[in-house]
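*Asks:* Predicted model follows, preceded by the sequence.
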Amino acid sequence: MERRTYLKTILAAGAAAGIASAQQKGDGKQIILIVDLPVQAGREKEMLHNFHSIFKPAAEKQPGYIDVNIVKLRSAVQGSAPASMNYVFILRMESEEARQKWIHSATHQKVWPTVEKTLSTKDYNVLLYDYV
């Protein structure tokens, strides 16, 4: 019986540490970058390949990286989607400082153009959000 109590205590402590870690990451310093991507018709497969095979693996190695995703617009449920935008790129990092270091790195200079070259224009929306 003593051993069971000991194991429960260890599991509870681990869960508490995980919650504390999650709370620290939600301290308001995290940022989300949202980019409306107007991917050229006929180049979607290429863009998705480059994102998943080239860009994302490089981003995952960066200090401050949390998550990066790409989503495809299905429909506008209310209002209207930006013209010619068919994908949204979502990057989450621990801070804007970490993002700035990443975007100015030689690696980013190599990997982002593999995605960007599939876009119909380089005049796309880039929005930066703070967690609150």
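*Replies:* Alright, I've got the coordinates. Note that this is a predicted model, so its numbers are computed, not measured. Numbers count the residues shown, from 1 in each chain.

*Asks:* hey, let's count contacts and neighbours off CA atoms from now on
*Replies:* Noted.

*Asks:* Tell me where the protein has helices.
*Replies:* With DSSP state H, the ranges of helices along the chain come out as 2-25, 44-50, 56-60, 96-103, 106-116.

*Asks:* So what would you say the end-to-end distance of stretch 100-112 is?
*Replies:* 14 Å (CA to CA, to the nearest Å).

*Asks:* Residues in contact with it: which ones?
*Replies:* Here stretch 100-112 makes contact (CA atoms under 8 Å, 6 or more residues apart in numbering) with 54-55, 58-59, 62.

*Asks:* Look at Ser84 and report its pLDDT.
*Replies:* Ser84 carries a pLDDT score of 88 in this model.

*Asks:* Name the nearest residue to it, sequence neighbours excluded.
*Replies:* Residue nearest to Ser84 in three dimensions, not counting chain neighbours: Pro38, with 5.4 Å by CA to CA, 6 or more residues apart in numbering.

*Asks:* my read: that neighbour touches Leu119, true?
*Replies:* Yes - applying CA atoms under 8 Å as the test, Pro38 and Leu119 come out as touching, 5.4 Å apart.

*Asks:* Contact partners for Glu116?
*Replies:* Glu116 sits next to Lys122 when contact means CA under 8 Å, 6+ apart.

*Asks:* what's the answer for Arg99, then?
*Replies:* Arg99 makes contacts with 64-65, 93, as judged by CA under 8 Å, 6+ apart.

*Asks:* And those, which of them are buried?
*Replies:* By the neighbour-count criterion of 16 or more other CA atoms under 10 Å, the contacts of Arg99 include these buried positions: 64-65, 93.
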